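Engineer: After the sequence you'll find the predicted model.
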Amino acid sequence: MAYQKFEERAIYQSIHNLGLWLTPHVGKWPKWVRPTLGHQVMQCWLDIFRACTSGYASQAPQKLRYLQQAGAELDGLRLLLRLSVSLRLTSIRQFEHASGLAGELGKQLGGWISSLSKG
């Protein structure tokens, strides 16, 4: 039941959109890098998704911890995407698009954390 309500939140859509873009993008990477870097990128995205879902379903003290964890994973995802540009797995244009998706997610996550910190 909590998941259905979480699905209605804008942050869910941001996480979903990022995953919809990442999954086929990482799938196009060469075979030598998919089991390592590709797996880590997708794991970060899944950890963000799980932490936000758990945060949504948790009580206030735990909620903040889950959301901070999601923020740390988002930072890690950004670093991995920068590495993918350096390795020429991701173009600058693709990186800009992914950064925009991650930035939108980060704003929503930051707003959620801020609202919990105030309340």
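Structural biologist: Everything's here; your move.
Engineer: Could you check the pLDDT of residue 116?
Structural biologist: Model confidence at residue 116, given as pLDDT, is 86.
Engineer: what about it, how many residues close to it?
Structural biologist: Using other C-beta atoms under 10 Å, the number of residues around residue 116 comes to 15. The C-beta positions use only the backbone N, C-alpha and C, and glycine is treated the same way.
Engineer: and what of residue 20?
Structural biologist: Residues lying near residue 20 (other C-beta under 10 Å) number 11.
Engineer: wouldn't residue 48 be in contact with residue 73 here?
Structural biologist: Yes: applying C-beta atoms under 8 Å, one finds residue 48 in contact with residue 73, separated by 4.7 Å.
Engineer: So for the two, which sits in the more crowded spot?
Structural biologist: For residue 48 versus residue 73, neighbours defined as other C-beta under 10 Å are more numerous around residue 48 (26 against 20).
Engineer: Which of the helices or strands spans that one?
Structural biologist: Assigning secondary structure by DSSP states H and E places residue 48 in helix 39-57.
Engineer: Then residue 30?
Structural biologist: Using DSSP H and E, residue 30 falls outside every helix and strand.
Engineer: Now do the contacts for it.
Structural biologist: residue 89 (C-beta atoms under 8 Å, 6 or more residues apart in numbering).
Engineer: Quick check: it vs residue 12, distance?
Structural biologist: 32 Å (C-beta to C-beta, to the nearest Å).
Engineer: Please apply the same query to residue 27.
Structural biologist: Plainly put, residue 27 is 23 Å away from residue 12 if you go by C-beta to C-beta.
Engineer: The two - which one has more neighbours?
Structural biologist: Neighbours per residue (other C-beta under 10 Å) separate residue 27 from residue 12, with residue 12 holding more: 18 against 10.
Engineer: my guess is that one contacts residue 6, does it?
Structural biologist: Yes: counting by C-beta under 8 Å, residue 12 does reach residue 6; the two are 5.5 Å apart.
Engineer: shared neighbours of the two, anything?
Structural biologist: By the contact definition C-beta under 8 Å, 6+ apart, residue 12 and residue 6 are jointly contacted by residue 52.
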